[in-house]
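Student: here is the input, now give the coordinates:
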Amino acid sequence: MYSTILLATDGSEDSRAALDHAVEVAAATGASLHVVSVVETRTAYDNAIIDPEEVKENLRADAVEAVEAAAAVAAAEDVSCETTVEEGVPPEQVLEVAERVGADLVVVGATGRSGFKRLVLGSTAEQLLESSGTAPVVVVADE
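Tutor: Residues are numbered from 1 along each chain as shown. Predicted structure coming up:
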């Protein structure tokens, strides 16, 4: 049914629920799991208040933590897993990675870490649903 599942994660509660779902599907189908976390690059900061490089480093550390946590969950279930951290616009990067790895299923949390960002930019999940033509997108919410 599925051979390659892509999970997009930011470490939020919904993305942890999406992780559980992706691992469950991968274990049931024998699919491999690819996990991506994207460091957002569209956010502007006032340089007099916040050092943009420090913010970027913190966001990268969060992304690395999210993919490492996902890899640990996959390993505990004997699911083959590869991870990557990308930089850019999350929906665009997730779609690019999905194409690159040949994903036949994309799993994402319903909402991410920032409700404000979701209102201003539109949610990554919504944009993936509108843009993904090559693979089904499953959106998972933490109950």
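
Student: where does V85 fall, phi/psi-wise?
Tutor: Torsion angles at V85 (phi, psi; degrees, to the nearest 10) stand at phi -120, psi 130.

Student: what sits against it?
Tutor: Applying C-beta atoms under 8 Å, 6 or more residues apart in numbering to V85 gives the contacts 36-39, 60, 63-64, 67. C-betas here are computed from N, CA, C, even on glycine.

Student: and if we set it to 6 Å?
Tutor: If you count contacts by C-beta atoms under 6 Å, 6 or more residues apart in numbering, V85 has them with 37, 63-64.

Student: repeat that for D142.
Tutor: By C-beta under 6 Å, 6+ apart, the contact set of D142 is 13-14, 17.

Student: could you dump these into a markdown table with pLDDT and neighbour count added?
Tutor: Shown next, in a markdown table, are the contacts of D142 (pLDDT from 0 to 100; neighbours: other C-beta atoms under 10 Å):
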| residue | pLDDT | neighbour count |
| --- | --- | --- |
| E13 | 87 | 15 |
| D14 | 86 | 21 |
| A17 | 93 | 17 |
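
Student: what's the closest of these to T29?
Tutor: Ranked by distance to T29 (C-beta to C-beta), the contacts of D142 are led by A17 at 18.9 Å.
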